[in-house]
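S.K.: kindly generate the corresponding structure for this input.
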Amino acid sequence: MPGMLRGVLCRPEARLLSMRCLGSAAGGSSGPAEGASPGATPLRPRPNALTDEIIRVDHAGELGADRIYAGQMAILGNGPLGKTIGHMWEQEKEHRKQFEQLIQQHRVRPTIMTPLWNVAGFVLGAGTALMGEKAAMACTVAVETVIVEHYNDQLRQIMEAPNPDKELLATITKFRDEEQEHHDTGIDHGAEQAPFYQAMTEVIKFGCKTAIAISKKI
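M.R.: So this is what the prediction gives:
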């Protein structure tokens, strides 16, 4: 495995994946082209197939995560977990914003499933929150387990590409680490004590993996 790849992917530890190292090869972003209107999103050359797929599926994933935490906040926002959920939600909003910018910059077609993921994410977040705080945290653990694994797969693909996109590498590494923090927060707040924890998390993981597979292609 190349040395640069080892700098991004860390050895998993006991609690799922403890991946705290950031990619050291973040590339500088270029400013808007001369003559571009102020505030306009600078366009970039059309992406290769890998970058196109990564941006589309990650945009969909971060949209879904945003809506999951929105659903949790709608039910639990005024309770003891409100501040914790709110912090994770703010990070997901930033993730979504970043991928919306990348969608525009690289002229990537969003998944046609966006309206469905929007609704499904909110329903999942609110539905598990209605089952109680521990069930909401179990949902968080399940979703973030899949997302961390998904982001690590993408980091490997980027590093093995002929011309790795260093800016995308740095973005995904940062977001991966924050998703890992969300997973650990869920464990710390009693996710594993939720009723039917194993069955619930397996169903949610399956749904997330299915959504990822669909969003990669359409």
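
S.K.: which of the residues in stretch 130-149 are buried?
M.R.: Under the neighbour-count criterion of 16 or more other Cβ atoms under 10 Å, stretch 130-149 has 131-149 buried. Glycine gets a C-beta too; all of them are placed from N, C-alpha and C.

S.K.: all the helices of this protein, residue numbers only.
M.R.: Along the chain, counting by DSSP state H, helices occupy 3-6, 49-76, 82-106, 114-130, 133-160, 166-188, 197-217.

S.K.: from the centroid of the protein, which residue is nearest?
M.R.: The residue lying closest to the centre of the chain (Cα atoms, centre = their mean) is residue 62, at 4.8 Å.

S.K.: surely that one meets residue 91?
M.R.: No - contact criterion Cβ atoms under 8 Å: residue 62 and residue 91 do not qualify, at 10.0 Å.

S.K.: tally of neighbours for residue 80?
M.R.: For residue 80, the count of nearby residues is 9 (other Cβ atoms under 10 Å).

S.K.: could you list the low-pLDDT ranges of the chain?
M.R.: The chain contains residues with pLDDT under 70 at 1-47.

S.K.: dihedrals phi and psi, residue 195?
M.R.: Taking degrees, to the nearest 10, you get phi -60, psi 140 for the backbone angles of residue 195.

S.K.: grab the nearest non-local neighbour of it.
M.R.: residue 135 (6.9 Å; Cβ to Cβ, 6 or more residues apart in numbering).

S.K.: report the contact partners of that neighbour.
M.R.: Taking Cβ atoms under 8 Å, 6 or more residues apart in numbering, we find residue 135 in contact with 128-129, 194-195, 200.

S.K.: could you check how far it is from residue 67?
M.R.: 17 Å (Cβ to Cβ, to the nearest Å).

S.K.: re earlier: please report which of the contacts of residue 135 has the highest neighbour count.
M.R.: That'd be residue 128 among the contacts of residue 135, by other Cβ under 10 Å, with 27 neighbours.

S.K.: next up, the contacts around that residue.
M.R.: Contacts of residue 128 by Cβ under 8 Å, 6+ apart are 72, 135-136, 138-139, 200.
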